[in-house]
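Asker: give me a 3D structure for the following:
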Amino acid sequence: MPLLRPPGPDLRSSELSYTDAYNSIISRVRRSSGPGSAGIVVLVGVDVDGLLATRILASLFKQDDVPYRLVPVGGYSELEARRDEALASEEAYQLHTLILVSLGSLLPLSTYFPIPKGCHLHVIDSHRPWNLQNLFGLDLDVTEDDEGASGSGRIWVWGDGEERQLAGVKKSWETLEYEPSDSDSDEDEEDDEDEDGDGEEAEEADLMDGSSEEFEGGPQHRKRRRANSRGAKRKRRRDDTDDRPGRLPRAVRDAHYDRVQRYYESGTSYGMSVAQTVYLLATVLERADNDLLWLAILGVTYQYVSARIDRERYNLYHTLFLDEVARLNHQTLGVRVPNPDDRSIAKAEELRFMLFRHWNLYDAMLHSGYVAGRMGIWREKGKKRLQGLLAKMGFSLQQCQQAYAHMDMDLKRELPERLEAIAPEYGLIELAYPSFTRAYGFQLAALSAADAVEGLSALLEAAMGVRLEVEREGGRGGGEWFGGTKRWAVGGVEDKENVDPSRKEDAQQAPGDTQEKKKDQGWHIQNFWIAFDALEDITILRKSLPLAMTLHKAIIRQGSFLLDKATIRPLRTFRFAAMREGPDLRLFSHPSTLSRLALWLVDATRDRWAEKDARGGKATNRLPFVVACLNEERGTYLLVGVTGAPEYGDVRKNKFGLAFQQAAEESGAGAKHDMFDTSVVEVRQADLTSFIESLHLRSA
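Answerer: Modelled structure (predicted):
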């Protein structure tokens, strides 16, 4: 299995890079004789990062006149169906390239995808940990007519460079993988244990000593248990002679096994954004432009605002993007004249106020998780503190509740300076972080990366499938003709059959057929195509901003209810909250929306419980959150587990994936682990209590 390294000055001549994989794809397209888009199938996870990466990849394919088929996938059961569909269809003989985007790193790919000879599989995924079989396994089933068959297998793994830090894990995995089987040397096992020499003891000690450094800081995850770590299939061919290697002493073998298990059990985390990965390919191909750069920036911003990467790594990526912005956006000297065709990207300091450029300042601050945690805005006392902050800054409440675009220009200009001077008195000391904005001519005010991510997230979660009321233009104080609410609709796009954009002209069907097909394919698939179109249609993206505001209102409303009514149960190793009734149950039945609520609760309560522990003389214990939401239609609870971090902007690995699996097994609860995010699980309604009890006892 070729492991690809990102392009860079430290790339060794013997290592393969993204360009090698892409050139292989293009050459296979040129050699294939089949017509249409059956040759390349792209399976993409339905999340913001995967959405952005596939748009960049689609742009590269378009420039090379490469036909392809793009298939959004919402979970593992759907992935199995799409896999079987791709491999068993009448056009399967034409399939030569299968690409997984934002999914697949956790799967044993060589066994999960029984791809035919001559077909190559590419994996571009940021979920961690890797299934070690994918990184270090040997793929011996290579077709004779493939170029470079002697050095390349048929599964290409797009790494991010951090795999080099797994040298110790690689050694242990290979030792276990290629060790002689039990049947070969069971009779010699007792002799092996007696023959432990000084060298073997030294190796065991080395394994023990090196374990802490390799897993410092964090968590990875999931479904590779003993079967994955111990072996997939023994691939080394051994002679039937007496000189075959003997089995390792049990102590050394156990030490190797423990090291591999620690890698899997340390928890889940995220590597480099897949959008950034594909953008790096575009830069090496010398095809990078502002559109692709913006998509890569959005991918990294999404990881940061959704607590997938910490501030330190975000700052590193931001520095790299600064060079790209300077290269692709030539700044002119003197006064900048408005230009209807301006699509430039500029660096900016982003305030941690939700969509403040498109909302009003008061609501933007009210719906910020950072402000909520520091000021306790779910209580009336907290809201008065917020109003007091604005008054001390010299901003009247009336001014702050009108649309930000209509605020006094002097106030907007002085806002960062006044915040920097006064906000620290209220505990708000990290109100800004470095980011970027993009101009859209006269169509829309400058859109920040965080705002664009919020809009895309809202489209993926709630563009269709749930009814939501959004504010009309004018907002608060709009008078008789402006303001109020209306039901959100995306417009013409909601009546379209969302298929591969290159084949939309073939998607005209009778209304009844269209509605039936929509029901079959699921709302999340339609939402994906709406968001996919929004990346090139600013009208849709602009419409998504009020939808994002409505989602954040629901998060604040539900989070405030949970905190105000004291329905959060502090257990020994995590805090648990369940939503069993209310008008927002359907909305929070979406995993991403429920995850955002859980992250808001973590941010809102971080300082609150720290103060309680300090007053009680206890060590600060920032516990993770498990949040459950009842799905009345399915008769199940959707559970999300998130890990708290000591400081805002810090990130800890998430260990709930494995904990959820073990709790389901021990409690006998009916649970479904179908999401690519393993910290999400669906539990039968009647089994919730036993599941939580088992989770509590196991983690105690």
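Asker: spit out the contact partners of Lys170.
Answerer: Taking CB atoms under 8 Å, 6 or more residues apart in numbering as the criterion, Lys170 is in contact with 132, 135-136. The C-beta positions use only the backbone N, C-alpha and C, and glycine is treated the same way.
Asker: where's the one helix or strand it maps to relative to the chain centroid, distance-wise?
Answerer: Assigned by DSSP states H and E, Lys170 belongs to helix 167-177. Relative to the chain's own centre, helix 167-177 is displaced by 28 Å; criterion: CA atoms, centre = their mean, to the nearest Å.
Asker: any buried residues in it, and which?
Answerer: Neighbour counts using 16 or more other CB atoms under 10 Å place 168-169, 171-177 of helix 167-177 among the buried residues.
Asker: repeat for stretch 534-551
Answerer: For stretch 534-551, the neighbour count (16+ other CB under 10 Å) marks 534-535, 540-551 as buried.
Asker: same check, this time on stretch 403-413
Answerer: Result for stretch 403-413 [16+ other CB under 10 Å]: buried residues 403-404, 407, 411.
Asker: determine which two of those are furthest apart.
Answerer: Ala403 and Leu411 (12.9 Å; CB to CB).
Asker: what's the closest non-adjacent residue to Ile540?
Answerer: Nearest-residue entry for Ile540: Ala534, 4.0 Å, with adjacent residues in sequence omitted and distances by CB to CB, 6 or more residues apart in numbering.
Asker: measure the one you found to Thr54 for me?
Answerer: Look at Ala534 and Thr54: by CB to CB, to the nearest Å, they are 13 Å apart.
Asker: and for Glu80?
Answerer: From Glu80 to Thr54 the distance is 20 Å (CB to CB).
Asker: with Tyr404 instead?
Answerer: 33 Å.
Asker: does His318 fall in a helix, a strand, or a coil region?
Answerer: Here His318 is recorded as helix under DSSP: H, G, I helix; E, B strand; the rest coil.
Asker: ok, it - contacts?
Answerer: Counted by CB under 8 Å, 6+ apart, His318 has contacts 300, 434-435.
Asker: hang on, the earlier thing: among the buried residues of stretch 534-551, name the ones in helices.
Answerer: Counting by DSSP state H, the part of the buried residues of stretch 534-551 found in helices is 534, 540-551.
Asker: which strands and helices lie in contact with the helix or strand harbouring Tyr302?
Answerer: Following DSSP H and E, one finds Tyr302 within helix 290-305. Counting contacts by 3 or more CB pairs under 8 Å, 6 or more residues apart in numbering; DSSP states H and E, helix 290-305 packs against helix 48-63, helix 274-284, helix 311-328, strand 345-351, strand 432-440, helix 449-462.
Asker: please identify which of these is closest to Ser595.
Answerer: Between Ser595 and the helices and strands packed on helix 290-305, the shortest separation by CB to CB is 10.1 Å, and it involves helix 449-462.
Asker: before we move on, back to that, CA atoms only: put the helix holding Lys170 into PDB for me.
Answerer: Extracted in PDB, the C-alpha atoms of helix 167-177 (Å, rounded to 0.1, in the frame of the first residue of the first chain):
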ATOM      1  CA  ALA A 167       8.000   4.400  14.000                       C
ATOM      2  CA  GLY A 168       7.700   2.600  17.200                       C
ATOM      3  CA  VAL A 169       4.100   1.600  16.600                       C
ATOM      4  CA  LYS A 170       5.100   0.500  13.100                       C
ATOM      5  CA  LYS A 171       7.800  -1.800  14.500                       C
ATOM      6  CA  SER A 172       5.400  -3.400  17.000                       C
ATOM      7  CA  TRP A 173       2.600  -3.800  14.400                       C
ATOM      8  CA  GLU A 174       5.000  -5.500  11.900                       C
ATOM      9  CA  THR A 175       6.400  -7.700  14.600                       C
ATOM     10  CA  LEU A 176       2.900  -9.000  15.500                       C
ATOM     11  CA  GLU A 177       1.700  -9.100  11.900                       C
END
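Asker: what mean pLDDT does it have?
Answerer: Mean pLDDT, helix 167-177: 90.
Asker: show me where pLDDT drops low in the stretch 551-700 of the chain?
Answerer: Applying pLDDT under 70 to the stretch 551-700 of the chain picks out residues 608-622, 699-700.
Asker: at 80 what do you get?
Answerer: The model of the stretch 551-700 of the chain has pLDDT under 80 over residues 566, 606-623, 644-649, 698-700.
Asker: and Lys117, its phi and psi?
Answerer: Backbone geometry at Lys117, expressed as degrees, to the nearest 10, gives phi -60, psi 140.
Asker: for it, grab the count of nearby residues.
Answerer: 11 (other CB atoms under 10 Å).
Asker: for the remainder of this discussion, apply numbering that starts at 51.
Answerer: Got it, the first residue is 51 from now on, which makes the last one we talked about Lys167.
Asker: so Gly515, which state does it fall into?
Answerer: coil.
Asker: would you mind measuring from it to Cys169?
Answerer: From Gly515 over to Cys169 (counting by CB to CB), the distance is 34 Å.
Asker: of these two, which one has the most company?
Answerer: Shown here are Gly515 and Cys169; by other CB under 10 Å, Cys169 has more neighbours (21 against 16).
Asker: check what pLDDT that one gets.
Answerer: Reported pLDDT for Cys169: 87.
Asker: centre of the chain to the helix or strand harbouring Asn184, how far?
Answerer: Secondary structure from DSSP H and E places Asn184 in helix 182-186. Computed by CA atoms, centre = their mean, the chain-centroid distance of helix 182-186 equals 21 Å.
Asker: after that helix, next one along is what?
Answerer: Using DSSP H and E, the next helix or strand after helix 182-186 towards the C-terminus is strand 205-208.
Asker: dump the residue contacts of Asn340.
Answerer: Going by CB under 8 Å, 6+ apart, Asn340 touches 378-379, 393-395, 488.
Asker: among those, who's most crowded?
Answerer: Each of the contacts of Asn340 was scored for neighbours by other CB under 10 Å, and Arg488 scores highest at 24 neighbours.
Asker: how about the nearest residue to that one, chain neighbours excluded?
Answerer: Using CB to CB, 6+ apart, the closest residue to Arg488 is Ile395 (5.0 Å).
Asker: now for that neighbour: which residues touch it?
Answerer: By CB under 8 Å, 6+ apart, the neighbours of Ile395 are 340, 343-344, 347, 375, 378-379, 486-489.
Asker: number of nearby residues for Leu635?
Answerer: Neighbour count of Leu635, defined by other CB under 10 Å: 17.
Asker: ok so, going back, can you say which two of the buried residues of stretch 584-601 are spatially most distant?
Answerer: Leu585 and Thr600 (21.3 Å).
Asker: give me the average confidence score over stretch 576-587.
Answerer: On average, stretch 576-587 scores 95.
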